[in-house]
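Student: sequence and predicted structure are below.
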Amino acid sequence: MEQKEIRLNANKRKSLVKDFRRHVEALDTPEKEAFKQARESATETIASAFATAKTVVERRFPLEDVATLQDLQRKHNTINAVGKDSCFFFKVLGEKVLDNYNDEVDKAKHFSFELDGSVNSGYDNYYSSGSSNSGKNFAYAMYREDMKRIGLNPDCNIENDLNNVEDSSSYRSRSSNNPYLSQCRNDNNDFLSGKTGGKDFYQQWKDDHELHIIGTGGCRSRAIPCSDLEFQKFEMMIQAKQDVCLKHTKWIETVVARVKAFENGVKQMTKFSQVEKFASLPSINWQISPDILADKIGMDLVVSVEDLADVINNIAKPKMTREEKILAYKKSMGMVA
């Protein structure tokens with residue numbers, strides 16, 4: 001069989017755009033490196049902040065007192081004075097600050113060590129220990145590779161925001177009625193909560209950052225005093241988590257921009273050879289997926305008279321595997337003997 005010039009259609013272009021996205025994400029770019037460094041820094045900063053939180057909480061609620069109350073709880077079912085928490089309301093006694101409305105308020109904030117805890121930093125930020133939108137973005141960024149590996153989209157919120165910027169006229173409808181975005185979020189959260197059979201990352205973060213608290217009621221009712229220096233360490237944790245989200249966004253913005261440029265360009269291409277020429281450019285160096293090459297071999301062959309007889313005689317015989325198609329392509333291109 002001899003090859004003919006292969007023409008592109010909508011399905012081939014769609015497959016090529018998807019594969020180019022894979023290629024762009026794999027590139028070592030400054031934006032990607034900044035994102036990875038931000039995650040490493042956040043991991044260290046969170047660990048340091050939690051060590052400080054442990055000191056502050058146990059200073060307020062000594063372990064000896066906790067043990068005494070736990071003994072009483074075991075003896076009397078009606079006593080429930082001790083519990084564990086991973087969200088804490090810290091307050092610098094005697095200190096005042098200005099909130100977002102320029103009002104003077106206590107220097108006090110909630111600081112959540114949960115994976116999806118809020119990463120907002122305003123003094124008017126009410127109780128938000130978990131399941132916050134900003135916290136979800138942090139969670140997606142921290143476990144991005146794990147999620148991509150099983151076909152999830154941890155970049156869905158960023159991509160949705162970029163689409164809203166491009167088409168501000170439909171912002172409300174895009175945000176409130178986007179089945180794809182809703183499905184992505186549901187699938188991502190099912191994975192992170194272990195509902196798909198894996199590890200429950202949400203629970204793991206809670207377990208790793210729990211401390212004993214004496215008292216009842218919500219997080220907001222337990223104002224735990226700390227020094228200004230200790231408070232600054234907790235704020236550094238929030239800033240580190242915010243930086244992870246920011247660097248994730250900046251990287252994906254560049255990825256999406258490159259992919260969109262290619263998507264617009266490939267619409268102007270009519271032949272597969274044009275894509276191959278583009279991919280082989282030293283500045284691009286894109287190894288097109290073997291799956292696409294196999295599909296190319298399977299669909300784009302010119303059959304000679306002699307080959308037609310072979311095709312008829314080979315009916316009912318096993319079809320070429322993907323590996324055989326790839327090998328046939330390489331042989332036709334002189335890539336292998």
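Tutor: Yep, it's here. Numbers count the residues shown, from 1 in each chain.
Student: strands of the stretch 151-300 of the chain, start to end?
Tutor: Remark: strands assigned in the stretch 151-300 of the chain by DSSP state E, counting those that start in this stretch are 211-214, 223-226.
Student: show me the shaky parts of the stretch 151-300 of the chain.
Tutor: Residues of the stretch 151-300 of the chain that meet the criterion pLDDT under 70 lie in 165-176, 216-221, 294-300.
Student: what segments of it are helices?
Tutor: 156-166, 171-176, 179-192, 201-208, 228-266, 272-279, 290-299 (DSSP state H, counting those that start in this stretch).
Student: could you export those as JSON lines, including distance to Asp103 and mean neighbour count?
Tutor: C-beta: built from backbone N, CA, C; applies to glycine. As requested, the helices of the stretch 151-300 of the chain are exported to JSON lines (distance: least, CB to CB, whole Å; neighbours: other CB atoms under 10 Å):
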{"stretch": "helix 156-166", "distance to Asp103": "30", "mean neighbour count": "17"}
{"stretch": "helix 171-176", "distance to Asp103": "30", "mean neighbour count": "12"}
{"stretch": "helix 179-192", "distance to Asp103": "35", "mean neighbour count": "16"}
{"stretch": "helix 201-208", "distance to Asp103": "33", "mean neighbour count": "16"}
{"stretch": "helix 228-266", "distance to Asp103": "19", "mean neighbour count": "18"}
{"stretch": "helix 272-279", "distance to Asp103": "58", "mean neighbour count": "16"}
{"stretch": "helix 290-299", "distance to Asp103": "59", "mean neighbour count": "16"}
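Student: what's the local residue count around Val105?
Tutor: 13 (other CB atoms under 10 Å).
Student: for it, helix, strand, or coil?
Tutor: Classification of Val105 using DSSP: H, G, I helix; E, B strand; the rest coil returns strand.
Student: with adjacent residues omitted, what lies nearest to it?
Tutor: Nearest residue to Val105, sequence neighbours excluded (CB to CB, 6 or more residues apart in numbering): Asp99, at 4.9 Å.
Student: repeat for Ala223
Tutor: Lys91 (4.5 Å).
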